[in-house]
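K.L.:
Please find the sequence and the predicted model below.
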Amino acid sequence: MARPGHRDRGVEMRVKRVFGVLAIAGMLILAACQSSASESPSGGESAAPSAAESQVSYEPATVRLQLQWLDQAQFAGYFAAVEQGYYDDVALTVEILPGGGTIVPQEVGSQPDGPEFTIAWVPKVLQAREAGSDLVHLAQVFQRSATLSVAWADAGINEVADWEGKRIGAWPFGNELEVLASAQILADLQDGVDFTRVEQDFDMNELIAAQDGWAASDSDCVDVAEAMIYNEWAQLLETEDPNTGELFTEDQFFVFDYNELGTAMLQDALFARQSWLDEGNNREVATRFLQASFRGWMYCRDNPDDCVQYSIDRGSIWGRGHLAWMMNEINKLVWPAPDGIGSLDLDVLGQTIDTATAAGILTAPPDEAAINSDERIAALEAIDGDTTGEDWEAPTVEITPGGD
């Protein structure tokens, strides 16, 4: 039975159709003839290298990986690949570069002397490509968006149209794209005209400050706050309600989930510069990097507590409880991956492109050169084990006070 990587060849043809390029008939026949993904055991065997890999001698290489944000469980699969020796198995030394602050990953990764691999959100990179970047998509690690917008349940803000005249929190550096695009597409609301966009801090303090109402002149409050389900949403639920002395509860808030609204766009993916890929044996280096990184994510799926510890060891600012929540939510974004980890969900890819073009983030759909599938396919074919996670079930992780 074929591995998931074989199915990806059919997926690649469908990707081209998403970009408006017709696939040739012979390749369509090939895609139709491919068998379904193999069912491999999970658990301890999930991150095993293939027999072929175990016998290969690799040329050593050193590469850098630019993270989308600070060291935290959002990137635990890469930490696991280091700690479990998966990069060593393929003769790679990987330097992991934290993000955060004013670091814009797609800009850093686009520099000719920038890191070999970059984690960034798909619309940000497609936008950068329109400005001249040669970053290409190698693997889609997160299968769905994690962005939420949150309002108080008793504020009467239950539709995007209710944002009119309100203060809407959204982060800078391209993290605001889903928020502003949704306002425009779903309610014809323009930033700065129909609502006030507040450049929100990376916490929920401005929403908490608006709990009991606030004056329109107040500058430290928002009516709606942006949150990632694995981070700021947990921060909110880990906080004590000053009115009750208990932790805030989910029913106190109204949540806008962009996956449900139909305007979600793909987030954490792995990119490399086309110019770098075309040099020497760098495509083979990229395959090795993906192979080891995928094994790291498989390990975190099956051993989340270890990966929480790896995040702590990397110096994460978050407590163990917060990181446990984050690791669980991150796993939900990665798994299941029906065509193998790193594959593209074509419906979500199409939605990403449609949302980005409708909102003016992109001037036109990207061309097929934006997606490179070969290294991902080769990486999946080199792994024995469960690369799809179709049988994985997320455990229940409880919120802890203060994330401790």
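P.N.:
Nice, thanks for sending it over. Residues are numbered from 1 along each chain as shown.

K.L.:
isn't there a strand covering residue 148?
P.N.:
Yes - under the criterion used here (DSSP: H, G, I helix; E, B strand; the rest coil), residue 148 sits inside a strand.

K.L.:
any weak-confidence spans in the stretch 251-400 of the chain?
P.N.:
Judged by pLDDT under 70, the stretch 251-400 of the chain has no weakly predicted residues.

K.L.:
switch to 90 and redo it
P.N.:
345-346 (pLDDT under 90).

K.L.:
Likewise for the stretch 51-200 of the chain?
P.N.:
For the stretch 51-200 of the chain, applying pLDDT under 90 flags the ranges 51-57, 100-102, 173.

K.L.:
How about the one residue sitting closest to the centre of the chain: what's its closest non-neighbour residue?
P.N.:
Central residue of the chain (Cα atoms, centre = their mean): residue 268, 2.5 Å from the mean position. The shortest distance from residue 268 to any non-neighbouring residue, by Cβ to Cβ, 6 or more residues apart in numbering, is to residue 142 (4.3 Å). Placement of C-beta: from N, CA and C, glycine included.

K.L.:
Near that neighbour, how many other residues are there?
P.N.:
21 (other Cβ atoms under 10 Å).

K.L.:
That one reaches residue 334, doesn't it?
P.N.:
Yes - here residue 142 lies in contact with residue 334, judged by Cβ atoms under 8 Å, at a distance of 6.4 Å.

K.L.:
related to what we said a few turns ago, for the residue nearest to the centre of the chain, give me its contacts.
P.N.:
Counting by Cβ atoms under 8 Å, 6 or more residues apart in numbering, residue 268 makes contact with 68, 74, 119-121, 141-142, 333.

K.L.:
just to revisit the earlier point, if I look at the residue nearest to residue 268, how far off is residue 342?
P.N.:
10 Å (Cβ to Cβ, to the nearest Å).

K.L.:
One more: residue 94?
P.N.:
17 Å.

K.L.:
And the host helix or strand of residue 308, what's buried?
P.N.:
Residue 308 belongs to helix 304-313 when assigned by DSSP states H and E. For helix 304-313, a neighbour-count test (16 or more other Cβ atoms under 10 Å) marks 304, 306-312 as buried.

K.L.:
Can you show me the CA trace of that helix as CSV?
P.N.:
What follows is helix 304-313, C-alpha atoms only, in CSV (Å, rounded to 0.1, in the frame of the first residue of the first chain):
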residue,chain,number,x,y,z
PRO,A,304,3.4,15.8,24.4
ASP,A,305,4.7,15.9,28.0
ASP,A,306,8.3,15.5,26.7
CYS,A,307,7.7,18.3,24.2
VAL,A,308,6.4,20.6,26.9
GLN,A,309,9.7,20.0,28.8
TYR,A,310,11.7,20.7,25.6
SER,A,311,9.9,24.0,25.3
ILE,A,312,10.7,24.8,28.9
ASP,A,313,14.3,23.8,28.4
